[in-house]
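S.K.: this one's structure only:
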């Protein structure tokens with residue numbers, strides 16, 4: 001009883017030195033047990049097993065469980081817990097992670113040998129085999145666990161098991177089996193978008209494209225995901241729904257720019273298809289729209305004059321799409337972007353306004369274009385006061401520093417206009433704000449602020465900014481000249 005109390009005190013602490021004292025007490029007790037005192041040995045083993053689970057962590061857990069198994073070599077639960085400890089805790093000296101799983105498999109197997117109906121041990125062994133890619137053997141263990149312990153209601157462990165079994169079937173190219181397991185996972189958790197996405201992939205493998213589209217639709221309904229849009233686009237292409245496929249590729253690209261280059265390649269490659277579609281049906285608004293999108297795609301292999309000509313052809317195609325369908329909001333957006341690229345900001349601004357009236361989902365693009373309009377018109381104005389008024393409007397629209405296009409360029413441009421008007425304090429405030437917002441600080445921004453500080457007789461501050469600008473090769477000579485001049489003045 002004294003030993004039990006001492007161990008309880010030791011194991012209630014979390015530091016290793018106190019835990020080691022507790023383990024030392026256990027070693028002393030074990031050495032003083034009569035060899036035939038099975039009852040006391042089993043009782044202590046149960047105590048150690050319980051404490052291992054309570055304390056957690058691989059180092060103490062494994063030592064407790066080793067001692068428990070030594071006291072009771074037929075203790076299935078201790079083997080199972082040691083297998084879980086080996087598998088689930090990652091603070092280890094093992095260089096080879098697979099070795100950890102192999103050792104866990106030995107413990108789970110021992111637990112099963114002692115108790116062949118131990119469902120949790122089958123689950124643990126199946127999980128370890130899955131992690132070392134022994135898929136067929138892992139599937140058998142999971143199937144055995146389900147047979148021993150049938151599911152009657154939602155259970156997060158079994159949801160995970162069905163998902164993993166579906167994944168393993170996919171890797172084995174056994175698509176029918178994968179669909180069956182993903183369906184069981186959906187029955188237990190119908191609100192998980194990933195299960196529908198995975199089942200859609202399995203149906204794609206069986207060439208059940210309509211079924212795959214249905215699953216991808218449900219996945220997107222639960223959570224719009226770029227990968228799902230892209231996969232649905234691929235399947236729609238298989239069904240010859242080219243417009244639907246391109247629309248999905250576009251949505252995927254908006255959510256994840258990693259798809260952008262692939263999307264551009266697909267659009268450029270689709271231009272001959274839309275040429276043929278327009279010949280067959282000159283009133284096909286979508287064909288004009290997507291042909292315009294293809295012509296707008298960046299292409300490093302064409303000259304600037306050809307690039308500009310493509311943009312003008314795209315402008316015509318967007319116009320034809322709008323003429324056929326005056327409520328085609330996406331076509332207005334496309335035409336606005338082309339007009340901005342061709343420096344026709346006013347017409348582009350009007351197209352964005354029209355798009356936002358037709359479809360409010362373009363609110364973010366509209367805010368961006370609205371600000372861009374005032375910024376660009378401000379840059380084109382020779383009248384500094386008029387330019388500053390436009391920059392003021394651009395900043396008022398959206399001054400959020402986390403916006404898709406922060407206002408740093410606008411602040412700098414307004415600072416330049418104020419410099420021309422000799423409003424040095426106003427210019428300094430704008431340059432400060434521009435530099436504060438910008439992540440990577442362009443050297444010329446520091447140089448401009450240095451000039452303003454020098455005008456305001458802050459020569460020390462000017463010198464610091466010139467020094468930062470001088471880190472760039474372009475300003476090295478100028479910085480050397482300035483440092484000589486300002487140090488003499490100081």
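M.R.: Received the coordinates, thanks. Just so we're clear, the structure is a prediction, and the values are computed from it rather than from any experiment.
S.K.: where exactly do the strands run in the stretch 101-250 of the chain?
M.R.: Applying DSSP state E, counting those that start in this stretch to the stretch 101-250 of the chain gives no strands.
S.K.: What residues of stretch 288-307 count as buried?
M.R.: Across stretch 288-307, burial judged by 16 or more other C-beta atoms under 10 Å covers 288-297. For the C-beta atoms, the positions are set from N, CA and C on the backbone; glycine is no exception.
S.K.: Now do the helices in the stretch 1-150 of the chain.
M.R.: 2-11, 16-32, 38-55, 58-71, 76-88, 97-114, 119-131, 135-148 (DSSP state H, counting those that start in this stretch).
S.K.: Check the stretch 151-300 of the chain too.
M.R.: Under DSSP H, counting those that start in this stretch, the stretch 151-300 of the chain gives helices at 156-171, 175-188, 193-205, 209-222, 226-238, 242-255, 260-280, 285-296.
S.K.: can you list contacts of the first one?
M.R.: Residues external to helix 156-171 that are found in contact with it (C-beta atoms under 8 Å, 6 or more residues apart in numbering): 123, 126-127, 130, 135, 138-139, 142, 145-146, 151, 175, 177-179, 181-182, 184-185, 188-189, 192, 194-195, 198-199, 201-202, 205.
S.K.: Point out the most buried one among the helices of the stretch 151-300 of the chain.
M.R.: helix 285-296 (a mean of 24; mean count of other C-beta atoms under 10 Å).
S.K.: what's the angle from it to helix 242-255?
M.R.: Helix 285-296 runs at 50 degrees relative to helix 242-255, counting by axes from the mean of the first three to the mean of the last three C-alpha atoms, to 10 degrees.
S.K.: what angle do helix 285-296 and helix 260-280 make?
M.R.: Here helix 285-296 points in a direction 130 degrees away from that of helix 260-280 (the same axes, to 10 degrees).
S.K.: average pLDDT for helix 285-296?
M.R.: The average of the pLDDT scores along helix 285-296 is 91.
S.K.: which residues are contacting that helix?
M.R.: Contact with helix 285-296 is made by 242-243, 246, 250, 267-268, 270-271, 274-275, 277-278, 281, 310-311, 313-315, 317-318, 320-322, 324-325, 328, 330-331, 334-335, 337-338, as judged by C-beta under 8 Å, 6+ apart.
S.K.: What of stretch 424-441?
M.R.: Stretch 424-441 has contacts (C-beta under 8 Å, 6+ apart) with 401, 406-409, 411-412, 414-416, 418-419, 445-446, 448-449, 452-453, 455-456, 468.
S.K.: what's the answer for stretch 321-329, then?
M.R.: By C-beta under 8 Å, 6+ apart, stretch 321-329 touches 283-286, 288-289, 292, 331-332, 335, 354-355, 358-359, 362.
S.K.: Off-centre distance for that stretch?
M.R.: The chain centre lies 35 Å from the centre of stretch 321-329; the measure is C-alpha atoms, centre = their mean, to the nearest Å.
S.K.: first vs last residue of that stretch, how far apart are they?
M.R.: Using C-alpha to C-alpha, to the nearest Å, the end-to-end distance of stretch 321-329 comes to 10 Å.
S.K.: Same question for that stretch: list its buried residues.
M.R.: Buried residues in stretch 321-329, counted by 16+ other C-beta under 10 Å: 321-322, 324-325, 328-329.
S.K.: Widest-spaced pair of those?
M.R.: 324 and 329 (13.9 Å; C-beta to C-beta).
S.K.: which ones are touching residue 278?
M.R.: Residue 278 makes contact with 284, 287-288, 291, according to C-beta under 8 Å, 6+ apart.
S.K.: Can you list the low-confidence ranges for the stretch 351-490 of the chain?
M.R.: 362-377, 380, 398-406, 438-443, 473, 475, 486-490 (pLDDT under 70).
S.K.: Can you list the helices and strands that the helix or strand hosting residue 392 packs against?
M.R.: Using DSSP states H and E, residue 392 sits in helix 384-397. Identification of packing neighbours for helix 384-397 by 3 or more C-beta pairs under 8 Å, 6 or more residues apart in numbering; DSSP states H and E yields helix 363-380, helix 408-420.
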